[in-house]
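**Student:** Build me a model:
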Amino acid sequence: MAVKDWPKVAIIVLNWNGWRDTIECLESLQRLTYPAVDRIILVDNGSTDDSLEKIKAWARGEIPVVSSVLSGASAAKPVTWVEYTQSVAEQGGCAEKEYLLRAAPAGQRLVIIQIEENLGFAGGMNVGIKYAGTQGAEYVWLVNNDTVVAPDALTNLVSRIVGMDSVGIAGPLELDYYHPRKVVDSVWIVRPWRGVIGGASKFLRFDERGCANVELVSGFNMLVSVTALRDVGLMDEQFFLYAEDTEWCIRMRRKGWKLVYIPASQVWHKRSQSTGWGSPLMYYYTTRNQLRLFSMYFPYFVPCAFARSMLRAIKLLGHRKWAQSLAVVEGCLDWAMGRYGRASKYSPTRRFNANAMSLMSLGQEEKVNP
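**Tutor:** Numbering: from 1, shown residues only. This next block holds a predicted model:
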């Protein structure tokens, strides 16, 4: 296709106290071969670690990126950036800054949106989506900041769904950043009778384009149709952390939109950098939000999900994981009381270094070591 025929894509990255991961992600996005990247939108979710100044220093070429995945010379610097508050961004920015941005080369356009507080994954991404929607993007690519994308990752996603009917979300192959050849489950299925949402079958049916229709796509990386967005709506911010991507996928499919998995597109993921593998925060939100999700879409199987949560709390208690067990119980209580959104006791206050530990899919049975 000619450049003018490629759909215009806005890329959205959410940062929260994680500038080192973020600049590595941004560096990889600068190296994309996709010819119609409109802009990269960096939403800062109320960081308190001087993230914005570090990201701007990277954009000026003052901070080199250290990466075990990226190789070769750094992408072109300086990067042209404009900065907006949340309210200005959601109204479409301002003409003077937009003119400055359009004058820059495609790979060097960065929009920084500063949010005053941590709105969670859904809330932060929704701010970026609202802004992208005012700029005529045909797709938004939601990219976790703790990922590194292959140069052809976006091209492989878009080229395979152009001309396909009713594709709402396309997802790539997820690889472990710390073990770059290791494949991680990035497509899931619902098993309501067991009270879980877990990894999909390895035996997916692929069409001649290399696409497989799937039930759920991981929110770590999603290419989302703006047309589908207008039909289905934004992510549900009441989840705050975890399960918002699952609920969005279910809503998409129930509205008639397809979800496709495209393993030709490759993305390396560090996983659990913000919340931490096995942290009480993780157990609280996964428990509460899974129960909410089942209440919304699989009400007859809520007892299965609740029983599984109680079993999880007992297992954690048996391994002397007192705080984690309490977090599961409190997640159940807040679900029962209808308390959603950001929980004051379990508000993220720092980042974790998950290293090679993998965060399992929501609701899967954990292997809890003593």
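**Student:** After the helix or strand bottoming out on mean pLDDT in the chain, which helix or strand is next?
**Tutor:** Least confident element among the helices and strands of the chain, by mean pLDDT, DSSP states H and E: strand 196-199 (a mean of 68). Of the helices and strands lying after strand 196-199 in sequence (DSSP states H and E), the nearest is strand 212-213.
**Student:** can you pull out the helices in the chain?
**Tutor:** Applying DSSP state H to the chain gives helices spanning 19-30, 51-59, 86-90, 95-102, 120-133, 153-161, 226-232, 244-254, 280-297, 302-318, 322-337.
**Student:** how about the last one: buried residues?
**Tutor:** For helix 322-337, the neighbour count (16 or more other CB atoms under 10 Å) marks Gln324, Ser325, Leu326, Ala327, Val328, Val329, Glu330, Gly331, Cys332, Asp334, Trp335 as buried. The C-beta positions use only the backbone N, C-alpha and C, and glycine is treated the same way.
**Student:** could those residues go into CSV alongside pLDDT and distance to Thr286?
**Tutor:** Formatted as CSV, the buried residues of helix 322-337 follow (pLDDT from 0 to 100; distance: CB to CB, whole Å):
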residue, pLDDT, distance to Thr286
Gln324, 95, 11
Ser325, 95, 14
Leu326, 96, 14
Ala327, 96, 9
Val328, 96, 9
Val329, 96, 13
Glu330, 96, 12
Gly331, 96, 8
Cys332, 96, 12
Asp334, 96, 13
Trp335, 96, 11
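**Student:** Tabulate the residues you listed (TSV), appending distance to Arg160.
**Tutor:** Converted to TSV, these look like this (distance: CB to CB, whole Å):
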residue	distance to Arg160
Gln324	41
Ser325	44
Leu326	46
Ala327	40
Val328	40
Val329	45
Glu330	43
Gly331	38
Cys332	41
Asp334	41
Trp335	38
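**Student:** show me what contacts Arg181?
**Tutor:** Applying CB atoms under 8 Å, 6 or more residues apart in numbering to Arg181 gives the contacts Leu175.
**Student:** What of Ser47?
**Tutor:** So Ser47 contacts Asn15, Trp16, Asn17, Gly18, Trp19 (CB under 8 Å, 6+ apart).
**Student:** Between all of these, which two are separated the most?
**Tutor:** Set against one another by CB to CB, those have their most distant pair in Trp16 and Trp19, with a gap of 9.9 Å.
**Student:** count of residues packed around Lys77?
**Tutor:** 14 (other CB atoms under 10 Å).
**Student:** Thr134 and Val88 touch, don't they?
**Tutor:** No - counting by CB atoms under 8 Å, Thr134 stays clear of Val88, with 10.8 Å between them.
**Student:** Could you check how many residues crowd around Glu83?
**Tutor:** Number of residues near Glu83 (other CB under 10 Å) recorded here: 17.
**Student:** tell me which residues form a beta bridge with the closest residue to it other than its chain neighbours?
**Tutor:** Spatial nearest neighbour of Glu83, chain neighbours left out: Ile112 (4.5 Å); criterion: CB to CB, 6 or more residues apart in numbering. Ile112 has the following beta-bridge partners by DSSP bridges: Leu42, Glu83.
**Student:** Please tell me how far Ile112 sits from Thr22.
**Tutor:** Per CB to CB, to the nearest Å, Ile112 is found 11 Å from Thr22.
**Student:** out of the two, which sits in the busier spot?
**Tutor:** Thr22 (24 against 19).
**Student:** How much space separates that one from Gly219?
**Tutor:** 17 Å.
**Student:** First residue to last residue on stretch 209-220, what's the distance there?
**Tutor:** Using CA to CA, to the nearest Å, one end of stretch 209-220 lies 23 Å from the other.
**Student:** Give me the average confidence score over it.
**Tutor:** Taken as a whole, stretch 209-220 has a mean pLDDT of 92.
**Student:** Report the buried residues of that stretch.
**Tutor:** For stretch 209-220, burial by neighbour count (16+ other CB under 10 Å) applies to Cys211, Ala212, Val214, Glu215, Leu216, Val217, Ser218, Gly219, Phe220.
**Student:** For those residues, give me JSON lines that also has distance to Glu174.
**Tutor:** Shown next, in JSON lines, are the buried residues of stretch 209-220 (distance: CB to CB, whole Å):
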{"residue": "Cys211", "distance to Glu174": "16"}
{"residue": "Ala212", "distance to Glu174": "14"}
{"residue": "Val214", "distance to Glu174": "13"}
{"residue": "Glu215", "distance to Glu174": "16"}
{"residue": "Leu216", "distance to Glu174": "13"}
{"residue": "Val217", "distance to Glu174": "10"}
{"residue": "Ser218", "distance to Glu174": "6"}
{"residue": "Gly219", "distance to Glu174": "11"}
{"residue": "Phe220", "distance to Glu174": "6"}
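**Student:** which one of the residues you listed is nearest Gly163?
**Tutor:** Cys211 (11.5 Å).
**Student:** The closest one touches Val162, doesn't it?
**Tutor:** No - with contacts counted by CB under 8 Å, Cys211 stays clear of Val162, the gap being 11.4 Å.
**Student:** so Glu117 sits right up against Trp16, yeah?
**Tutor:** No - the pair Glu117 / Trp16 is not scored as a contact, 10.5 Å apart, by CB under 8 Å.
**Student:** got any residues that touch both of the two?
**Tutor:** Asn45, Gly46.
**Student:** In terms of neighbours, single out the busier of the two.
**Tutor:** The neighbour count for Glu117 versus Trp16, taken as other CB under 10 Å, is higher for Trp16 (25 against 11).
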